[in-house]
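Student: coords please:
(2 chains)
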Amino acid sequence: GAVVSQHPSWVICKSGTSVKIECRSLDFQATTMFWYRQFPKQSLMLMATSNEGSKATYEQGVEKDKFLINHASLTLSTLTVTSAHPEDSSFYICSVTGLAAGVQETQYFGPGTRLLVL
Amino acid sequence: LAKTTQPISMDSYEGQEVNITCSHNNIATNDYITWYQQFPSQGPRFIIQGYKTKVTNEVASLFIPADRKSSTLSLPRVSLSDTAVYYCLVGGPHNTDKLIFGTGTRLQVFP
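Tutor: Residues are numbered from 1 along each chain as shown, chains lettered A, B, ... in the order given. Now for the predicted structure:
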């Protein structure tokens, strides 16, 4: 399967600041990347679908101006949490799919980024 | 997207076989069934995927009856390290189709 990395693995920031999270596909051309958010003891919630070179598609209830997604290349997507507030504290996880994948392949997930907003 | 229903939690002991059943009554003709494992503070890890009948790999087996309205993930001889949350998902055949996670099953393995 694909090797996916995220950076940073954890971040603490003050309320009102912006935080950028990177998702990299290390050995895989990721034409599509997904961003999820997971609160403690809860399941993953899909935030948006990101296709390389085009605008992201956001799920209902996710503010696109607050969660900026850029998928500029086949190996990198970024999620920027703008003007973060304590309620944005969560575990953010990306996943990738792409050109090398067939029916038997599926989404491969990154290790996640823990965000704590004070 | 088909909704899935799984038991919230299961307990087992080391060395036992564990079967986790997932219900997906509204599965579409083109949907595949995929299982993921997630440890705390980690991203989900792909376990197995299937469309019908039985699929087996080095870590698990997936049983899918003819009507495909349910599926069972079978973990042979679990160990303490299998303690995790297991998610059953159904989705389209295209790898770009989005996946919607349900509640998952929290498996606790005891010594």
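
Student: residue contacts, the residue of chain B found nearest chain A?
Tutor: When scored by CB to the nearest CB, chain B has B:Gly43 as its residue closest to chain A, at 3.4 Å. The way it works is simple: take the backbone N, C-alpha and C, and place the C-beta from them, glycine included. Taking CB atoms under 8 Å, 6 or more residues apart in numbering or on different chains as the definition of contact, the neighbours of B:Gly43 are A:Val4, A:Gln6, A:Ile93, A:Cys94, A:Ser95, A:Phe109, A:Gly110, A:Pro111, A:Gly112.

Student: Excluding covalently adjacent residues, which one is nearest to it?
Tutor: In space, B:Gly43 comes closest to A:Phe109 once its chain neighbours are excluded; the distance is 3.4 Å by CB to CB, 6 or more residues apart in numbering or on different chains.

Student: Next up, the contacts around that neighbour.
Tutor: For A:Phe109, the contacting residues are A:Val4, A:Ile93, A:Cys94, A:Ser95, B:Tyr36, B:Gly43, B:Pro44, B:Arg45, B:Phe46, taking CB under 8 Å, 6+ apart as the criterion.

Student: can you list those in TSV and add distance to A:Thr78 and pLDDT?
Tutor: What follows is those, written out as TSV (distance: CB to CB, whole Å; pLDDT from 0 to 100):
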residue	distance to A:Thr78	pLDDT
A:Val4	14	91
A:Ile93	14	97
A:Cys94	9	96
A:Ser95	15	92
B:Tyr36	24	94
B:Gly43	17	95
B:Pro44	21	94
B:Arg45	23	93
B:Phe46	24	90
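
Student: Most neighbours among the contacts of B:Gly43, which one is it?
Tutor: Ranked by the number of neighbours (other CB atoms under 10 Å in any protein chain shown), those place A:Cys94 first, at 31 neighbours.

Student: Dig out what that residue forms beta bridges with.
Tutor: A:Trp35 (DSSP bridges).

Student: surely it meets A:Arg37?
Tutor: No - taking CB atoms under 8 Å as the definition, A:Cys94 is not a contact partner of A:Arg37, at 10.6 Å.
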